[in-house]
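**Q** Structure for this input, please:
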Amino acid sequence: MREKRIAESADAVAHVAARHAEDVDTGARLPVEAIASLKEQGLLAATAPRELGGPALSVPELVSVAGRIARGCASTAMVWAMHQGQLACLCRHHGDAPALVELARSAVSEQWLIASVTSEPTTGSDIRRSVAALESVPGKAGTLALSKEATTVSYGAAADLLQITARRHAEARAGDQVLVGIPRGQATVEQKSGWSPLGMRGTSSPGFRITATVREGQVFGDPFSEISGATMVPLTHTLWAAVWFGLATEAVSRAVRISRRRAAGHHGGGAARAALGEARWRLASLEALLSDMSARTQHLLDEGTQPTAEQSVRTNSLKVAASETALEIAHLSLRVCGMAGYSEEGPFSVARLIRDLSSAPIMINNGQLLEATAQLTLMERQHRW
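**A** Numbering: from 1, shown residues only. Next comes the predicted model:
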């Protein structure tokens, strides 16, 4: 019963998202209609625990939702997946601090959209280093000032809550980071760049300058490195992979449908069938990997501990494998669909799917993850290499 209810809610959002997906892509605008549907279905609070008023969806359930929504609109699914990672950080790491608990309760009850602000011009895609720092406000005990230049903030213009990384204080090293929860009304948010990318255009991720004055109670007690390792990275990478799997599934679905139509008319050659067969086995392989990692991520979250080197290797491997494999599947589906897939229009087009999936290998660049994985491999003690 629960499984059916979750599926129906996700499919309702996917239906709305699909109806507006072309306009969202063309205008590189936020999928506001689909976000409204997510709120209507209560899915913005999906990962929140019951004690905070949420439905407490498990990781496998979240993965299912992400894949279903992705088949309607990639950008909607990715916005939802990134938001869930941020909500989980708030719900799991508030440390019973009254201000943060209140933010968490408001985020759940009011279906807030939460954006992550981790990037900076001089740190590239390394979210474990910050230039921005919290600074005491003279004459105001317990009050801190923060100013941050962020190169990309996905759906930043629509976020109700910003979770921003910064150095603990002005003299702290770049890796001594904290996370700060700042409601939109408490911050000055100035867009600093445009947004017209190849794909995932509806995530609306330009750069922003954000300034705010906050109370000390809005600073998470756990260091950001611990929040990132225990919650943000494993959950977001798993949900990103689920989004990419959903897009790959949709690409194969279109390839199957055009192949069946050709077969009915006795058209189509062996090359297209071979490409379809390869796309299918790759999809099955990705599904198996995602299923395994969903269970492993759930176990890690249940334990509430920092991941071992082996667990981090598996999380990195999921992100790299899913991002590369899903894009390969989309290209194979294009070979099956031919010109009908190459076109931006029509029921067998995979053009937008390929454009959206092209972002996957560079969302936390795969090269960077492979370097980290090599280092982690040298640290593993579970294997006898």
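
**Q** what sits against Ser294?
**A** By C-beta atoms under 8 Å, 6 or more residues apart in numbering, the contact list for Ser294 reads Val59, Pro60, Val63, Thr238, Ala242. Where C-beta positions appear, they are placed from N, C-alpha and C, glycine not excepted.

**Q** Now, these that are in strands?
**A** Of the positions in the contacts of Ser294, not one sits in strands, assigned by DSSP state E.

**Q** could you redo the residues you listed as a markdown table and give each row distance to Leu113 and pLDDT?
**A** Formatted as a markdown table, the contacts of Ser294 follow (distance: C-beta to C-beta, whole Å; pLDDT from 0 to 100):
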| residue | distance to Leu113 | pLDDT |
| --- | --- | --- |
| Val59 | 21 | 98 |
| Pro60 | 24 | 98 |
| Val63 | 20 | 98 |
| Thr238 | 20 | 98 |
| Ala242 | 19 | 98 |
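
**Q** Neighbour-wise, which one of the residues you listed leads?
**A** Thr238 (29 neighbours; other C-beta atoms under 10 Å).

**Q** need the contact list for it.
**A** Contacts for Thr238 were tallied using C-beta under 8 Å, 6+ apart; they are Val59, Leu62, Val63, Leu290, Met293, Ser294, Thr297, Thr315, Leu318.

**Q** how near is Tyr155 to His94?
**A** 22 Å (C-beta to C-beta, to the nearest Å).

**Q** which residues in the chain form strands?
**A** Per DSSP E, the chain carries strands over the ranges 114-117, 135-136, 143-150, 161-167, 177-183, 187-191, 208-215.

**Q** for the fifth one, packing partners?
**A** Judged by 3 or more C-beta pairs under 8 Å, 6 or more residues apart in numbering; DSSP states H and E, strand 177-183 is in contact with helix 74-93, helix 98-109, strand 161-167, strand 208-215, helix 224-227.

**Q** just the angle between that strand and strand 187-191, please?
**A** 100 degrees (axes from the mean of the first three to the mean of the last three C-alpha atoms, to 10 degrees).

**Q** relative to strand 208-215, how tilted is strand 177-183?
**A** Angle between the axes of strand 177-183 and strand 208-215 is 90 degrees (criterion: the same axes, to 10 degrees).

**Q** now strand 177-183 and helix 98-109, what's the angle there?
**A** Using the same axes, to 10 degrees: strand 177-183 against helix 98-109 is 60 degrees.

**Q** So what's the gap between strand 177-183 and the chain middle?
**A** Taking C-alpha atoms, centre = their mean, to the nearest Å, one finds strand 177-183 lying 19 Å from the centre of the chain it belongs to.

**Q** And for that strand, what's in contact with it?
**A** 89-90, 93, 99-100, 103, 128-130, 134, 146, 160-168, 210, 212, 214, 218-220, 222-225, 227.

**Q** can you rerun that using 7 Å?
**A** Identification of contacts with strand 177-183 by C-beta atoms under 7 Å, 6 or more residues apart in numbering yields 89-90, 100, 103, 130, 134, 146, 160-168, 212, 214, 218-220, 223-225, 227.

**Q** Equivalent analysis for stretch 94-107, please.
**A** With C-beta under 7 Å, 6+ apart, stretch 94-107 has contacts from 52-53, 87, 90-91, 112, 114, 161, 181, 215, 217-218, 220-222.

**Q** are any of these buried, and which?
**A** Among the contacts of stretch 94-107, the ones that count as buried by 16 or more other C-beta atoms under 10 Å are Leu52, Leu87, Leu90, Cys91, Trp112, Ile114, Leu161, Gly181, Gln218, Phe220, Asp222.

**Q** Is it correct that Leu62 is in contact with Thr47?
**A** Yes. Leu62 is in contact with Thr47 according to C-beta atoms under 7 Å; the separation is 6.2 Å.

**Q** Quick check: neighbours shared by those two?
**A** Going by C-beta under 7 Å, 6+ apart, residues that sit against Leu62 and also against Thr47 are Gln84.

**Q** For Ile6, find the nearest of the strands of the chain.
**A** Between Ile6 and the strands of the chain, the shortest gap by C-beta to C-beta is with strand 114-117, which sits at 20.7 Å.

**Q** can you give me the offset of that closest one from its chain's centre?
**A** On C-alpha atoms, centre = their mean, the centre of strand 114-117 falls 11 Å from that of its chain.

**Q** Same question for that strand: list its buried residues.
**A** Ile114, Ala115, Ser116, Val117.

**Q** rewinding a little: just the helices and strands packed on strand 177-183: most buried one?
**A** helix 74-93 (a mean of 27; mean count of other C-beta atoms under 10 Å).

**Q** In terms of secondary structure, what does that helix contact?
**A** Helix 74-93 is packed against helix 59-70, helix 98-109, strand 114-117, strand 161-167, helix 233-264, with contacts defined by 3 or more C-beta pairs under 7 Å, 6 or more residues apart in numbering; DSSP states H and E.

**Q** switch to 6 Å and redo it
**A** In this structure, helix 74-93 makes packing contacts with helix 59-70, strand 114-117, helix 233-264, judged by 3 or more C-beta pairs under 6 Å, 6 or more residues apart in numbering; DSSP states H and E.

**Q** I'd like the distance between the residue lying closest to Glu287 once chain neighbours are set aside and Trp281.
**A** Counting by C-beta to C-beta, 6 or more residues apart in numbering, Glu287 lies nearest to Phe245, which is 6.6 Å off, once chain neighbours are set aside. Between Phe245 and Trp281 the distance is 14 Å, computed by C-beta to C-beta.

**Q** Pick out whichever of the two has more residues nearby.
**A** For the pair Phe245 and Trp281, the greater number of neighbours falls to Phe245 (25 against 10), based on other C-beta under 10 Å.
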